[in-house]
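Undergrad: Predicted model, plus sequence, below.
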Amino acid sequence: MRTQVAIIGAGPSGLLLGQILAKNGIDNIILERQTGEYVLGRIRAGVLESVTVDGLERAGVTDNLKKHGLVHDGCELVFNGKRHRIDFKELVNRNVVVYGQTEVTRDLMEARAALGATTIYEASDVKLHDVNTGHPYVTYTKNGQEQRLDCDFIAGCDGFHGVSRPTIPADILKEYERVYPFGWLGLMSDTPPVAEELIYAKHERGFVLCSQRSKTRSRYYLQVPLTDKIEDWSDERFWDELKARLYPEAAANLVTGPSLEKSIAPLRSFVTEPMRYGKLFLAGDAAHIVPPTGAKGLNLAASDVLYLSDALIEYYQQNSEAGIDTYSERCLKRIWGAERFSWYMTKMLHTFEDLDDWDRKMQETEFNLLLNSEYGAKLLAENYVGLPY
Ligand code: RFL
Ligand code: PHB
């Protein structure tokens, strides 16, 4: 088999790239290790920046988003009971859209099926070959048979644990990493959200996030020790702990109900440089990870894909390699900005066991800066709604 661009991974990065390329007449095939249902079963992001919405627009998949996405002009931050609303609209005249990653993924899968583009699910043992030559190819196993896919380029959109990044020789890759000493326990329920806007709250017992998917579906997160297991957290314990960490008015408003899903995710900051090696390009979580506190992971994946699709379109339509050659550099500028923001939000809003009195004062002073300085609040708002593309 042959295609122009072989895409590894059918998460949001791979599907969005495939859709934009296909709409611009560039042939591509996606190889995905899991089934489509499994990919849709992973509950993850919920907040989309306008850059991401623009990307989905370019892919022609915003019908459902326009119908069901919730535009948010602000969010609430709480520090040990002290509340402060960040008004994105007033501070930077922009907003975000609350619309689930599951829905984004489903919309992209349906649009791809409508175009008749090929996605090979349950492709195991994917291996990348000769990526630093003019004739790269990918091998994989499907239904017990080894297959070969020849291509011009390979897009590594296979997430943090994928095979693309390790294909790049270790002496070329530089990795930067910070691992945090806690995780997030998430719960989804068909209950009305506790508040109209998202609440990010730091409490002595740990951080909580109150998010949502619709007017009738909520998504909540609790900071938990990395040693905790899902079995340790009955729904009842989750709701009790959430109430204990919320300010009284929110706790009183909280509607509880049976969980639809519960999962624990570790928190990590990670960047790999460069994001291109020969004919291989890394995009999304394959190249970088952010802790979810800044709501940036999916949004960074979308901006990588916009840079990459521009570069490939320029290559095929104008015979220019300029976009390809600057891909890594352009992505990394935006990535480091989002890494800083996610790291700052994580440090300010979580409870760290080993902080001394000085560190605690600094954490509180960071928060007070948002209350006391319009510039402080503006900087947060500008980063939250998304740095320029
Ligand atoms: P994905 O989604 O991990 O998809 C990669 C795909 O590649 C497949 N794959 C392979 N396929 C073939 N061969 C192999 N060897 C393969 N290895 C892997 C996988 O099966 C998978 O289908 O990466 P992608 O597409 O780059 O998308 C990234 C986003 O999923 C991620 O950044 C976000 O979910 C992060 N994130 C958030 N981002 C936001 O922008 N806003 C948020 O509000 C937000 N909240 C979150 C989040 C992530 C979370 N978790 C669980 C990590 C909340 C949470 C709790
Ligand atoms: C979510 O709704 O899943 C979500 C929202 C905001 C975040 C992280 C996750 O910062």
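TA: Received it, and whenever you're ready, just let me know what you need. Ligands and ions are numbered 1, 2, ... in the order given.
Undergrad: and the residue of the chain found nearest ligand 2, how many neighbours?
TA: Per CB to the nearest ligand atom, Gly46 is where the chain lies closest to ligand 2, at 2.5 Å. C-beta: built from backbone N, CA, C; applies to glycine. Residues contacting Gly46 under the criterion other CB atoms under 10 Å number 25.
Undergrad: Then Glu76?
TA: Neighbour tally, Glu76, other CB under 10 Å: 18.
Undergrad: ok, it touching Lys82?
TA: No. The criterion here is CB atoms under 8 Å, and Glu76 misses it with Lys82 at 11.0 Å.
Undergrad: got the contact list for the helix or strand in which Leu222 is found?
TA: Assigned by DSSP states H and E, Leu222 belongs to strand 218-224. If you take CB atoms under 8 Å, 6 or more residues apart in numbering as the criterion, strand 218-224 is touched by 43, 46, 182-189, 191-194, 206-213, 233, 238, 241-242, 245, 255, 264, 292, 350-351.
Undergrad: quick one: buried residues of the helix or strand following it?
TA: Next along the chain after strand 218-224, taking DSSP H and E as the criterion, comes helix 235-245. Neighbour-count burial for helix 235-245 flags 238-239, 241-243, 245 (criterion: 16 or more other CB atoms under 10 Å).
Undergrad: Switch these over to JSON lines; also include distance to Tyr375 and pLDDT.
TA: Formatted as JSON lines, these follow (distance: CB to CB, whole Å; pLDDT from 0 to 100):
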{"residue": "Phe238", "distance to Tyr375": "38", "pLDDT": "98"}
{"residue": "Trp239", "distance to Tyr375": "38", "pLDDT": "98"}
{"residue": "Glu241", "distance to Tyr375": "35", "pLDDT": "98"}
{"residue": "Leu242", "distance to Tyr375": "33", "pLDDT": "98"}
{"residue": "Lys243", "distance to Tyr375": "35", "pLDDT": "98"}
{"residue": "Arg245", "distance to Tyr375": "29", "pLDDT": "98"}
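Undergrad: Need the residues you listed in CSV (columns: distance to Arg165).
TA: Converted to CSV, the buried residues of helix 235-245 look like this (distance: CB to CB, whole Å):
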residue, distance to Arg165
Phe238, 34
Trp239, 39
Glu241, 36
Leu242, 36
Lys243, 41
Arg245, 36
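Undergrad: For Glu122, list the residues it contacts.
TA: Taking CB under 8 Å, 6+ apart, one finds 32-35, 142 in contact with Glu122.
Undergrad: Please report how far Gly284 lies from ligand 1.
TA: 2 Å (CB to the nearest ligand atom, to the nearest Å).
Undergrad: Stretch 2-9 near ligand 1 at all?
TA: Yes. Contact between stretch 2-9 and ligand 1, assessed by CB under 6 Å from any ligand atom, occurs at 8-9.
Undergrad: Now the terminal residues of that stretch, how far apart.
TA: Stretch 2-9 has an end-to-end distance of 17 Å (CA to CA, to the nearest Å).
Undergrad: Run through who's touching it.
TA: Residues outside stretch 2-9 that contact it (CB under 8 Å, 6+ apart): 14, 17-18, 21, 26-33, 126, 128, 136-138, 149-159, 162-164, 284, 286, 312, 316.
Undergrad: Return the subset of those lying in strands.
TA: Residues of the contacts of stretch 2-9 located in strands (DSSP state E): 28-31, 126, 128, 137-138, 149-150, 153-156.
Undergrad: Can I get the buried ones among those as something I can paste into ChimeraX?
TA: Listed next is the ChimeraX selection for buried residues among the ones in strands among the contacts of stretch 2-9, using 16+ other CB under 10 Å:
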select :28,29,30,31,126,128,137,138,149,153,154,155,156
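Undergrad: With respect to ligand 1, which of the ones in strands among the contacts of stretch 2-9 is nearest?
TA: Of all these, ligand 1 sits closest to Val126, with 3.9 Å by CB to the nearest ligand atom.
Undergrad: Just give the nearest non-adjacent residue to the closest one, would you?
TA: Residue nearest to Val126 in three dimensions, not counting chain neighbours: Tyr140, with 4.5 Å by CB to CB, 6 or more residues apart in numbering.
Undergrad: pretty sure that neighbour is touching Tyr121, no?
TA: No. The criterion here is CB under 8 Å, and Tyr140 misses it with Tyr121 at 11.2 Å.
Undergrad: for Ile199, what are its contacts?
TA: By CB under 8 Å, 6+ apart, the neighbours of Ile199 are 75-76, 78, 208-210, 246, 250.
Undergrad: cool, and Tyr344?
TA: Contacts of Tyr344 (CB under 8 Å, 6+ apart): 294, 366.
Undergrad: List the buried residues for the strand or helix carrying it?
TA: Tyr344 belongs to helix 322-349 when elements are defined using DSSP H and E. The neighbour-count check on helix 322-349 (16+ other CB under 10 Å) flags 323-324, 327-328, 330-332, 334-335, 337-339, 341-349 as buried.
Undergrad: Name the residues of the stretch 1-150 of the chain found near ligand 2, please.
TA: So far as CB under 6 Å from any ligand atom goes, the stretch 1-150 of the chain lies against ligand 2 at 45-47.
Undergrad: From those residues, pick out the ones that also neighbour ligand 1.
TA: Restricting these to those near ligand 1 - CB under 6 Å from any ligand atom - leaves 45-47.
Undergrad: Regarding the closest residue in space to Leu15 that isn't next to it in sequence, what are the backbone dihedral angles?
TA: Sequence neighbours aside, Leu108 is the residue nearest to Leu15 in space, at 3.8 Å (criterion: CB to CB, 6+ apart). For Leu108, the backbone dihedrals (degrees, to the nearest 10) come out as phi -70, psi -40.
Undergrad: ditto for Pro193
TA: Main-chain torsions, Pro193, degrees, to the nearest 10: phi -60, psi 150.
Undergrad: what's the pLDDT at it?
TA: pLDDT recorded at Pro193 is 98.
Undergrad: can you pull the contacts of it?
TA: Neighbouring residues of Pro193 by CB under 8 Å, 6+ apart: 210-212, 215, 217-218.
Undergrad: now, which of those residues sits nearest Ile168?
TA: Of all the contacts of Pro193, the one with the least separation from Ile168 (CB to CB) is Ser211, at 34.7 Å.
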